[in-house]
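> sequence below, structure please.
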Amino acid sequence: MSWITEIARPDIQALAPYQHAVWEPGLVRLHANELPWRAAADGSEAGLNRYPEPHPQALAGRLALHYLVNADAVLPCRGSDEAIDLLTRCYARCGRDAVVITPPTFGMYALCARVQGAAVIEVPLRRESGYGVDVPALLKAVTSAVKLVYLCSPNNPTGNRIDRATVLALAGALAGRALLVIDEAYVEFSGAPSLSADLQALPGLVVLRTLSKAHGLAGARCGAVLADPQIIALLRRVIQPYAVTQLTIEAVFRALEPAALDEARARVSLVISERTRLAAALAARSTVRHVWPSAANFLLVEFADAGAALQRCHAAGLLVRDLRHLPSLGQSLRLSIGTAEQNDRLLQALP
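Predicted coordinates:
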């Protein structure tokens, strides 16, 4: 056992995982208390009357091929949200341990920590440097209680990407102390490669991926933890069996077929093109103070009066994200990139 698991909760290290029913799909299943008939509305390939594979190895293998890592370095889960929850539960002891976050950022990092009873240490992003990471302040904040440092790249809601050199330097500085978790939910829109290629060299690095964004499977709820096999084995002690549904497994395999991947890449290119067009058009509006550069599928836009802009969007039948409650984002809205027609409606709504 190396430091990457030694810093985890001792009770999780000793935990015996749930003993699910034996998985031998070639045999007649009379061992799992399932109904032997399909429901009339069941259009799945495998049959929803049967439990899916408890820990879907075939899915892990397919995701490993897609993400260019070994199969034992992949844990399929219900989106990045479950991945964050699993990591926090495995590494943060209630009332003793802490996680570091860099606001403004994705809210699940802090929520999962607080649900777990762990402390949340905030190291704000530097607005003056385009919401860059304050590396000296972050490293200073990593006390012996900190077990996880969460970074989102491209960051939600600011849209900026953290450069690879910064991440690698942080991972090296945190080695032996805390895991560095990089959430790459939007990496396909950034034009930059994933940091998963650096996992073997940096065992304390964890990469989160999802099929929700670029692959259009937000409703299927499928993500993946990419990490050292020791970390994956630890998380498997905690993840519920049958967490990924049969419908999701089948949807993911279809989404990762060559034709579907070609379509996903074409749509990502279209989103990037529309992002550029929308950013330029919004920057020319008299009501807009600043459009922040984005490497994601959304724009962070600061308005002279965000409340008025929000009302105009709503009146036009458009929902955008109100960020006025977050520090340093007092007059900001987050605008997802839609179709060309939807983006035109957005522009027409904003003078």
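> how near is Q13 to R93?
12 Å (Cβ to Cβ, to the nearest Å). From N, CA and C alone the C-beta is placed, and that goes for glycine too.
> buried ones in stretch 90-108?
Applying a neighbour-count criterion of 16 or more other Cβ atoms under 10 Å, one finds 90-93, 97-106, 108 buried in stretch 90-108.
> whoops, stretch 154-164 was the one
154-162.
> what's the answer for stretch 301-309, then?
Those would be 301-303, 306, 309, for stretch 301-309 by 16+ other Cβ under 10 Å.
> can you put the residues you listed in CSV and add secondary structure?
Shown next, in CSV, are these (DSSP: H, G, I helix; E, B strand; the rest coil):
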residue, secondary structure
V301, strand
E302, strand
F303, strand
A306, helix
A309, helix
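> taking the residues you listed, tell me the two that lie furthest apart.
The most widely separated members of those are E302 and A309, with 10.0 Å between them, by Cβ to Cβ.
> P103 reaches P327, doesn't it?
Yes. With contact defined as Cβ atoms under 8 Å, P103 and P327 form a contacting pair (6.2 Å).
> re the thing from before, so which of the buried residues of stretch 154-164 is the closest to Q240?
Taking the buried residues of stretch 154-164 together and measuring to Q240 by Cβ to Cβ, the closest member is N156, at 25.8 Å.
> would you mind measuring from that closest one to L318?
19 Å.
> helices of the stretch 251-351 of the chain, start to end?
258-283, 306-315, 340-349 (DSSP state H, counting those that start in this stretch).
> all helices for this structure, in order.
Remark: helices assigned in the chain by DSSP state H are 3-6, 10-13, 57-67, 79-91, 108-116, 135-141, 164-174, 229-236, 246-255, 258-283, 306-315, 340-349.
> so which of those gets nearest A185?
helix 79-91 (5.6 Å).
> quick one: list the elements packing against that closest one.
strand 74-77, helix 108-116, strand 146-152, strand 179-183, strand 205-210, strand 223-226, helix 229-236 (3 or more Cβ pairs under 8 Å, 6 or more residues apart in numbering; DSSP states H and E).
> what is the least confident helix or strand in this structure?
Least confident element among the helices and strands of the chain, by mean pLDDT, DSSP states H and E: helix 10-13 (a mean of 93).
> can you show me the CA trace of that helix as PDB?
The C-alpha trace of helix 10-13 is given here as PDB (Å, rounded to 0.1, in the frame of the first residue of the first chain):
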ATOM      1  CA  PRO A  10      -8.600   3.800   7.800                       C
ATOM      2  CA  ASP A  11     -12.200   2.400   8.200                       C
ATOM      3  CA  ILE A  12     -12.600   2.400   4.400                       C
ATOM      4  CA  GLN A  13      -9.300   0.700   3.900                       C
END
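> list the buried residues of it.
Those would be I12, for helix 10-13 by 16+ other Cβ under 10 Å.
> swap in stretch 228-236?
Going by 16+ other Cβ under 10 Å, stretch 228-236 has these buried residues: 228, 230-232, 234-235.
> just put these in TSV and tack on pLDDT.
Formatted as TSV, the buried residues of stretch 228-236 follow (pLDDT from 0 to 100):
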residue	pLDDT
D228	97
Q230	97
I231	98
I232	97
L234	96
L235	97
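> now render these as CSV, adding distance to A32.
Shown next, in CSV, are the buried residues of stretch 228-236 (distance: Cβ to Cβ, whole Å):
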residue, distance to A32
D228, 32
Q230, 30
I231, 29
I232, 25
L234, 26
L235, 24
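> nearest to G204, out of those: which one, please.
Nearest to G204 among the buried residues of stretch 228-236, with distances taken as Cβ to Cβ, is D228, at 8.0 Å.
> need the contact list for the closest one.
4, 73, 199, 203 (Cβ atoms under 8 Å, 6 or more residues apart in numbering).
> what two of those residues are the furthest from one another?
Pairwise over the contacts of D228, using Cβ to Cβ, the maximum falls at I4 and A73, 12.4 Å.
> per-residue pLDDT of H55, please?
H55 is assigned 89 on the pLDDT scale.
> next one: H66
97.
> contact partners for it?
H66 touches L256, counting by Cβ under 8 Å, 6+ apart.
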